[in-house]
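Asker: Dropping the sequence and predicted coords here.
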Amino acid sequence: MRTPGRFALAVSVAALTIGLSASTAGATPTFGQATLTGFAVLPARTFVPGSEPAGAALGTAPVNGVALPFADQPVQGFSGVLRNSDGTFDVISDNGFGNKANSGDFLLRIHRLAPDFASGKVDVVGGITLTDPDARIPFALTRPDRVLTGSDFDIESITRTPDGSYWIGDEFGPYLLHVDRAGRVLQAPIPLPGVKAPESHELEVGEKPNLGSSKGFEGMVKSVDGKYLYPLLEGTVAGDAPGALRFNEFELRSGAYTGKRWTYQLESPSNSIGDAIAVDPDRFLVVERDNLQGAAAAFKKIFLVDRRDRDKDGKMDKTVVADLLSLANPQHLAGAGDTFTFPHQCVEDLVILDDRTLGVLNDNNLPFSAGRVPGQADPNEFITIRLSERLHAYEQAKS
C-alpha cells in the first residue's frame, strides 16, 4: 500500500456535517463504521532464533497454555510501530513481562515485520537489540555488558528521524531515549521536567513520585515537519484533573522540552491510551482503550484529536474515527462474521497507511493476555481498517 504524495488539507463538507450534528446533540463527533480490510497473525510462540532464555522470574507453571520459562527471547509485546518504505514495519517490544522486577532477562528490541495480508501471516525478517556500549546512561543497568532489559526501561513508543536514529518513549522515568539505527544509545535519557514515576532515577531521597508506576510515555508523535516530538503520558500527573493526560512538546533541534503542553482527556479515568500519531500540524490520532479483554472488553476506540481546542474547554477536541469492537467485515476475514472485534486488552500500535486506511496491532502481553480465545495466549495480530471518511492528512514521512 503506497501513500499518496500529499493529501488535501480542507475538511470535507460531509465530515463537517457529522461533527456539527454530533456536537449539537451533546455527544462526541463520530465517523461512520470503519471496515476491516486486512488481517494477519504472528503466532504467540514466536521467538528470536538462537537467543537467550527469558522469563525465569515467571515460575514454571504454564500460563494460558504457554510453557515457562522460555528457552529463547519471545517476539511479543508490540507497543509502537513505524512504517518502512519497502512494505515492512519496525515494532518495539515493551519491558517484557509486566514490571521491573520480573523482566531483567527480557532484552529490549526493535523487530522488523513483514505482514502478508493475502496469506494472513506475519514474518519476522530482522531486528536490533538496544545497547549502551558507550555508557551514555548515567545509572546502573541490569547487565554488565550494557544490553538494555525490561528492568532498565519500559519502552512503549517510537519514532524515527531522517538520519535513521530512533527516539523511544519510556514509562519508568518517564524518559526519552535516543538510539542510532543499530540500537546504540546516543545520549543520556532525557527526563520530563516536573514528572517522576516510582521507577525514576531522578527521584531524590524521600521524594514522592507524582505519576503512577509505568504510566509514562505510552504514545509519541513526531510532528509532520519533523521539528518536534509530542510524547503523551498514559497516566494522570498528581494534582491534574482525573483522566487528564499531558501532551508535551519536545524540540529536536535544541534537545529540550519547550514548556508547551496540551491536555488529552480520557473518556473514563480508568481508560488508557495505547498509541498516537500525527495527521497534520494540529491533528493527531490516539488509541484509547479500557483494560479489559475478550467478552468483557467494552471500549477500544481510535480518536482524531485537535489541539486547537475549538470549543475552548481546555482540552483537545475529539472525534471517534473507529470503534475497534464493531468493525464491518463484509469479506468475513479472520473467520469472523459481518462484524469483527479487536477485543485485546492492550491495543498499542497505530500507523497511517493512506488517507482512509490505518494499521492497528495489539500488545499480546505474552503469556498473560487471552482476549481472542479464553485460556489461550493471544498472538500478535496486525489488522488494517478503512475509515468511513478521509482524514485529509499530510503524507506520513517514512524516514
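Answerer: Now that the structure is in, tell me what you want to look at. Residues are numbered from 1 along each chain as shown.
Asker: Run a quick neighbour tally on the spatially closest residue to Ile385 that is not a sequence neighbour.
Answerer: The spatial neighbour of Ile385 that comes closest, neighbours along the chain excluded (C-beta to C-beta, 6 or more residues apart in numbering), is Ala34 at 4.7 Å. For the C-beta atoms, the positions are set from N, CA and C on the backbone; glycine is no exception. Neighbourhood size, Ala34 [other C-beta atoms under 10 Å]: 25.
Asker: what residues are up against Ala34?
Answerer: The neighbourhood of Ala34, defined by C-beta atoms under 8 Å, 6 or more residues apart in numbering, consists of 321-323, 327-328, 385-388.
Asker: likewise Pro191?
Answerer: Per C-beta under 8 Å, 6+ apart, neighbours of Pro191: 173-175, 200, 202.
Asker: Do I have it right that Leu327 meets Gly38?
Answerer: No. Leu327 is beyond contact range of Gly38, at 11.3 Å (criterion: C-beta atoms under 8 Å).
Asker: Would you mind giving both backbone torsions of Val63?
Answerer: phi -120, psi 120 (degrees, to the nearest 10).
Asker: Hmm, Phe368 and it touching each other?
Answerer: Yes. Using C-beta under 8 Å, Val63 is in contact with Phe368, at 6.4 Å.
Asker: shared neighbours of these two, anything?
Answerer: With C-beta under 8 Å, 6+ apart, Val63 and Phe368 have common neighbours Ala377.
Asker: Tell me where the stretch 201-350 of the chain has strands.
Answerer: Secondary structure of the stretch 201-350 of the chain, counting by DSSP state E, counting those that start in this stretch: strands at 217-222, 228-233, 244-251, 256-265, 272-278, 283-289, 300-306, 317-323, 327-328, 339-340, 346-354.
Asker: same for the first one, what does it pack against?
Answerer: Helices and strands touching strand 217-222, as assessed by 3 or more C-beta pairs under 8 Å, 6 or more residues apart in numbering; DSSP states H and E, comprise strand 155-160, strand 166-170, strand 228-233, strand 272-278, strand 283-289.
Asker: Can you name the residues in contact with it?
Answerer: 79-80, 156-161, 167-171, 174-176, 192, 228-234, 272-278, 284, 286-287, 348, 397.
Asker: Mind giving me the ChimeraX command for buried ones among the residues you listed?
Answerer: The ChimeraX selection below is limited to those of the contacts of strand 217-222 classed as buried (16 or more other C-beta atoms under 10 Å):
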select :79,80,156,157,158,159,160,167,168,169,170,171,174,175,176,192,228,229,230,231,232,233,234,272,273,274,275,276,277,278,284,286,287,348,397
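Asker: Please name the residues that touch Ile262.
Answerer: To be clear, residue 262 is Trp; Ile isn't right here. 246-247, 307, 309, 316.
Asker: So for it, what's the pLDDT?
Answerer: At Trp262, the model reports a pLDDT of 98.
Asker: Next: Val320.
Answerer: 98.
Asker: Please shift the residue numbers so they start at 18 in all later answers.
Answerer: OK, 18 is where the count begins now, so the last one is Val337.
Asker: circling back: show me the one of the helices and strands packed on strand 234-239 that comes nearest Leu85.
Answerer: Across these, Leu85 has its closest neighbour in strand 172-177 (22.7 Å, C-beta to C-beta).
Asker: which two from the contacts of Trp279 end up farthest apart in space?
Answerer: Arg263 and Asp326 (14.6 Å).
Asker: Those two: who's more crowded?
Answerer: Ranked by neighbour count (other C-beta under 10 Å), Arg263 and Asp326 place Arg263 first, with 19 against 15.
Asker: Name the residues of stretch 54-71 that are buried.
Answerer: Buried residues in stretch 54-71 (16+ other C-beta under 10 Å): 54-59, 61-63, 65, 68, 71.
Asker: Pick the one among these closest to Asp371.
Answerer: The nearest one, if we look at these relative to Asp371 and count by C-beta to C-beta, is Thr54, at 10.8 Å.
Asker: residues contacting the closest one?
Answerer: 348, 350, 374, 401-403.
Asker: show me what contacts the nearest residue in space to Val304 that is not next to it in sequence?
Answerer: Among residues not flanking Val304 along the chain, Gly291 sits closest, at 3.6 Å (C-beta to C-beta, 6+ apart). Gly291 makes contacts with 235-236, 304-306, 363-367, 380, as judged by C-beta under 8 Å, 6+ apart.
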